[in-house]
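Student: I'll drop the sequence and a predicted model, then ask my questions.
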Amino acid sequence: MNVKQSKKWNTDDLRELGIFIAFIIIVCVLMLFSPPGFRSGRNMLNILKQTSINGILATGMMYVIITGGIDLSVGSIAALSGVMAAHFAHPGEYPLIIPILLPVFIGTLVGLFNGIGVTYGSIPPFIVTLGSMTIFRGAALITSKGQPVFNVSKPFEAISGAFVFDTIPVLVIYYVVITLIFAFVLTRTVFGRHVYMVGGNETAARVSGIDTFKVKIVVYMISGFLAGIAGLLLTSRTISANPTAAQGYEMDAITAVIIGGVSMSGGSGKWYGTVIGALLISIIANSLDILNVSSHYQPVIKGMIIILAVLMDMKTKNRGR
Amino acid sequence: MSDFFLAMHHIYKSFSRVPVLKDVSIQIRPGEVHALVGENGAGKSTLMKILMGIYTADSGEIQVQDKTVQIHSPQEALHLGISMIHQELSPVPDMSVSENLFMGREIRRNHMGGLSIVDQKEQIRQTHAIFESMGVQMEPKALMRNLSVAQVQLVEITKAISLSSRIIIMDEPTSALTEKEVHTLFEQIEKLRRTGVGIIYISHKLDEIFRIADRISVLRDGELIGTHTAAELSKNALIQMMVGREITAIYPKIETQQGAVALEVSNFSRGTHFRDISFQLHYGEILGIGGLVGAGRSELVECIFGITHPTAGDLKIEGQTVRIRHPKQAIAQKIALITEDRKRTGLNLIESVETNIAVVILDRIANLGIVDSKKSAELSDAYISKLNIRTNSRGTRMYKLSGGNQQKVVLAKWLLSEPDIIILDEPTRGIDVGAKRDIYLLMGELAKAGKAVLMISSEIPELMGLADRIIVLADGRLTGEILRKDFSQERILQYASNMNGESETV
């Protein structure tokens, strides 16, 4: 036996390429049949920009779902942390670092709350995060008195609004960097392997000496942390915070993860699948916009893609057994 | 008309071009117990799955009462009078015995405008009647959740009978049964035989096979080696047919030097699971723990390993009192536990061999939390060849491996953690003769290398063959200790049945 053998693709890996192939086909078809507007480089960057916030939420969601959990609270976290960011982002009041760190801190804290509920409270993830989704949406309404928070400083506005080299939206850079960091953590670190192990067989993970509680708590904290970042970026991009913003974002994040081939029962899934899932959602929205299809059709198509993606995934997996 | 109820002729089957069955033919007579034996991966399960319509054969034919039939689903098999009692039973735990018995064919009453209602009363009455005819004492209204494995199995057998099955396939039916329960099962099989039902009996336990089988078919590497009447075969001849080579000693006992006390528990208790257990385990020793299923043996070692917490008592390692409250602390004390149920507590089946092997030592082969994947690959390959694990590569998913090879992966994972104290809970349950022998040899080597080995086994010959000393648990208490020179099956059974009895009756 030698080490080189690992380079050989086995059937399991090939199967995971399925999502890639589906993605390329969809993009090619759109390229061929869409007006030139879709194909332009600017539109491509636009698509990436539209993907970034959902993509960041989906990254955290992927971690949670791989452990076999779910996090419904990310939309509410984004709203609350956005409101808090805007409160401290009025011109000339506080240093910029405060409205940057505060939302991230709040998000992580809510994640800690979720994680403790799931582990020490042994409450099902769906229920804990449904609860915190409701609680922290309320908190966003309370802290904003139900009103949008306007009047943020120019530097704060630049957090999401800036361009690199005058062409690349900085949001895209954030998304790429965050994706790469968390992909590295998931695939290369001990913690990442523990995430998969906990999702694959929690009892066996515990017997193997893995602190499963710690892994789960950290995973919810990651999801909360990234939701906090998403809230910050959203507020900066819209130059205001709305306590009712980001409703349903948790579902878009879950959708991206599922389309990307991550199993809802935990233990499996690849980071690039989630990236593709998030991209597909924006590509479809974008192309329908360009084709002047009423936005009312978008949810219908999104829903069909979820079902199709999972159906395809299950078909290919069953064939392998 | 032939005297066979069922015949499978020239069955071929391949999975992704790897042949798993090559020209296999077997015939089952009414009223015979036909044992199907062979090492894991020999093709027994595949053959039975073809019979049950879960897989389709590539070629060959199945005849029921001389008529060629096509079986495409378990429902069709049931319809033809073929039932299977799976090794891993899957009842609906929150339903009653009678509801499970009539699942999918509920007795209905008054169609109120097309709405049919399940007639619970009638179902319970019929369940009673069937139990009575079988001589089984069980409450039809009892929840499946509250039944023992043996009782659940009896419900399955009852179900097969009530479906008027003519062939019942039993896959490792005794793997989780106590000696007494096995006896009850065999009585039921005897009754079935007398009513003309043919039984296909799959088992690794050769003693059982000779106790119950009329004929034995041996499969090896997907081929039928032969079908013989049980009377014309000896145990050694059967083993030779199964493995294709002669195993001189089934239990290779290696003489070892006993050292200092490695682990000592005193007055260890955990609620009602076990009480007041005290014993010492030495380096270089294999200490066996005997007893019936449910005597508290697994609960004891799980508690030592920190999966559960004791309610009283002390644990000492090399004379130092330690508190172990999580498996990670046990691992830090250089203890390893190979658990009883590898699928539930030992492996991540959807992951690769390598991932499973490396999981315990990830921290050791990582720099700043980043896994050294080269080292992980090297170590996995080393242990795959060291333990002779049969797998395509280290990247193969665990669920594709046979039971024996899965068990070896669990062993590899724990050996990599370089433990000094190794606890094995039923290490050879449900695995084939060849893999068993590999594991026996390994245990001997570990003891010879000065490790302390603690082994739970329900197979008395295995305990007697390998252990230097045996302690026996019954009903949560330690009832006896026997030194190797005093080993006897009778004494172990005597201690094991101490204070036990009525509670185990089905």
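Tutor: Happy to help now that I have it. Numbering: from 1, shown residues only, chains lettered A, B, ... in the order given.
Student: Distance of residue A:309 relative to residue B:185?
Tutor: Residue A:309 sits 47 Å away from residue B:185, going by CB to CB, to the nearest Å. Placement of C-beta: from N, CA and C, glycine included.
Student: low-confidence ranges in the chain?
Tutor: Using chain A here. Scanning chain A with the threshold set as pLDDT under 70 gives A:1-19, A:313, A:315-321.
Student: if you could check chain B rather than the one you did, that'd help
Tutor: Applying pLDDT under 70 to chain B flags residues B:1, B:16-17, B:40-41, B:88, B:111-114, B:245-250, B:498-506.
Student: residues contacting the residue nearest the centre of it?
Tutor: Nearest to the mean C-alpha position of chain B, by CA atoms, centre = their mean, lies residue B:430 at 3.8 Å. Listed by CB atoms under 8 Å, 6 or more residues apart in numbering or on different chains, the contact set of residue B:430 reads B:87, B:172, B:175, B:204, B:403.
Student: Closest one of those residues to chain A?
Tutor: When the contacts of residue B:430 are ranked by distance to chain A (CB to the nearest CB), residue B:403 comes first, at 15.7 Å.
Student: What is the burial count for that closest one?
Tutor: The number of residues packed around residue B:403, counting by other CB atoms under 10 Å in any protein chain shown, is 20.
Student: before we move on, back to that, how is the residue nearest to the centre of chain B assigned, secondary-structure-wise?
Tutor: Following DSSP: H, G, I helix; E, B strand; the rest coil, residue B:430 is assigned to coil.
Student: What sits closest to the most centrally placed residue in chain A if chain neighbours are left out?
Tutor: In chain A, the residue lying closest to the centroid (CA atoms, centre = their mean) is residue A:58, at 1.6 Å. The spatially closest residue to residue A:58, leaving aside those adjacent along the chain, is residue A:256, at 3.9 Å (CB to CB, 6 or more residues apart in numbering or on different chains).
Student: so who does the residue in the stretch 151-300 of chain A positioned nearest to chain B touch?
Tutor: The stretch 151-300 of chain A approaches chain B most closely through residue A:200 (3.5 Å), counting by CB to the nearest CB. The contact partners of residue A:200, by CB under 8 Å, 6+ apart, come to A:266, A:267, A:268, B:348, B:349, B:350, B:351.
Student: Go again with 10 Å.
Tutor: Residues in contact with residue A:200, defined by CB atoms under 10 Å, 6 or more residues apart in numbering or on different chains, are A:66-68, A:263, A:265-268, B:347-351, B:355-356, B:359, B:398.
Student: Now which of the residues you listed would you call buried?
Tutor: Buried by 16 or more other CB atoms under 10 Å in any protein chain shown: A:66-68, A:263, A:266-268, B:347-351, B:355-356, B:359, B:398, out of the contacts of residue A:200.
Student: secondary structure element for residue B:314?
Tutor: Per DSSP states H and E, residue B:314 falls inside strand B:312-317.
Student: Not counting that strand itself, show me its contacts.
Tutor: Applying CB under 10 Å, 6+ apart, the contact partners of strand B:312-317 are B:261-271, B:274-278, B:280-281, B:303-304, B:306, B:321-324, B:330, B:333-335, B:420-421, B:452.
Student: Report the distance from the helix or strand just after that strand to the chain centre.
Tutor: Beyond strand B:312-317 in the direction of the C-terminus, DSSP H and E gives the next helix or strand as strand B:320-321. In terms of CA atoms, centre = their mean, to the nearest Å, the centre of strand B:320-321 is found 36 Å from the chain centre.
Student: residues in contact with strand B:320-321?
Tutor: B:264, B:266, B:314, B:315, B:333.
Student: Please produce JSON lines containing these, extended by neighbour count.
Tutor: Below are the contacts of strand B:320-321 laid out as JSON lines (neighbours: other CB atoms under 10 Å in any protein chain shown):
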{"residue": "B:264", "neighbour count": "18"}
{"residue": "B:266", "neighbour count": "15"}
{"residue": "B:314", "neighbour count": "14"}
{"residue": "B:315", "neighbour count": "20"}
{"residue": "B:333", "neighbour count": "18"}
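Student: now for those, which pair is the farthest apart?
Tutor: Of all pairs drawn from the contacts of strand B:320-321, the greatest distance, 16.7 Å, lies between B:266 and B:333 (CB to CB).
Student: before we move on, back to that, the residue nearest to residue A:58 sits in which helix or strand?
Tutor: Taking DSSP H and E as the definition, one finds residue A:256 inside helix A:249-259.
Student: my guess is the residue nearest to residue A:58 contacts residue A:273, does it?
Tutor: Yes. Using CB atoms under 10 Å, residue A:256 is in contact with residue A:273, at 9.1 Å.
Student: between these two, what contacts are shared?
Tutor: If you check residue A:256 and residue A:273 against CB under 10 Å, 6+ apart, the residues they both contact are A:62, A:262.
Student: Pairing partners for the strand holding residue B:314, with directions?
Tutor: Here strand B:312-317 is paired, per DSSP bridges, with strand B:261-270 (antiparallel), strand B:320-321 (antiparallel).
Student: who's in contact with the nearest residue to residue B:416 once chain neighbours are set aside?
Tutor: For residue B:416, ignoring the flanking residues on the chain, the nearest one in space by CB to CB, 6+ apart is residue B:361 at 5.0 Å. Going by CB under 10 Å, 6+ apart, residue B:361 touches A:208, A:209, B:331, B:375, B:376, B:379, B:413, B:414, B:416, B:417, B:418.
Student: can you map out the helices along the stretch 1-150 of chain A?
Tutor: For the stretch 1-150 of chain A, applying DSSP state H, counting those that start in this stretch gives helices covering A:11-16, A:18-33, A:36-39, A:41-66, A:74-87, A:97-119, A:125-143.
Student: so what does the last one touch, helix or strand wise?
Tutor: Packing contacts for helix A:125-143, counted by 3 or more CB pairs under 10 Å, 6 or more residues apart in numbering or on different chains; DSSP states H and E, involve helix A:41-66, helix A:74-87, helix A:97-119, helix A:212-238, helix A:249-259.
Student: hmm, try it at 7 Å
Tutor: helix A:74-87, helix A:97-119 (3 or more CB pairs under 7 Å, 6 or more residues apart in numbering or on different chains; DSSP states H and E).
Student: Hey, what's the angle from that helix to helix A:249-259? Just curious.
Tutor: 150 degrees (axes from the mean of the first three to the mean of the last three CA atoms, to 10 degrees).
Student: which residues touch helix A:125-143?
Tutor: Contacts to helix A:125-143, defined as CB atoms under 7 Å, 6 or more residues apart in numbering or on different chains, come from residues A:69-73, A:75-77, A:79-80, A:83-84, A:110, A:113-114, A:117-118, A:243.
Student: can you check stretch A:39-56 too?
Tutor: A:31, A:37, A:168-169, A:171-172, A:174-175, A:178-179, A:226, A:229-230, A:233-234, A:249, A:252-253, A:256, A:275, A:278-279, A:281-283, A:286.
Student: which of the helices and strands packed on helix A:125-143 is buried the deepest?
Tutor: Among the helices and strands packed on helix A:125-143, helix A:74-87 has the highest mean neighbour count (mean count of other CB atoms under 10 Å in any protein chain shown), at a mean of 30.
Student: show me what contacts residue B:11?
Tutor: Residues near residue B:11 by CB under 7 Å, 6+ apart: B:21, B:24, B:47, B:50, B:57, B:60.
Student: circling back to that earlier point, out of the contacts of helix A:125-143, which touch chain B?
Tutor: The overlap between these and the neighbours of chain B (CB under 7 Å from any CB of the partner chain) is empty.
Student: Would you double-check that residue B:12 falls in a strand?
Tutor: Yes. Under the criterion used here (three-state DSSP), residue B:12 sits inside a strand.
Student: Who is it paired with across the strands?
Tutor: Taking DSSP bridges as the rule, residue B:12 bridges to residue B:59.
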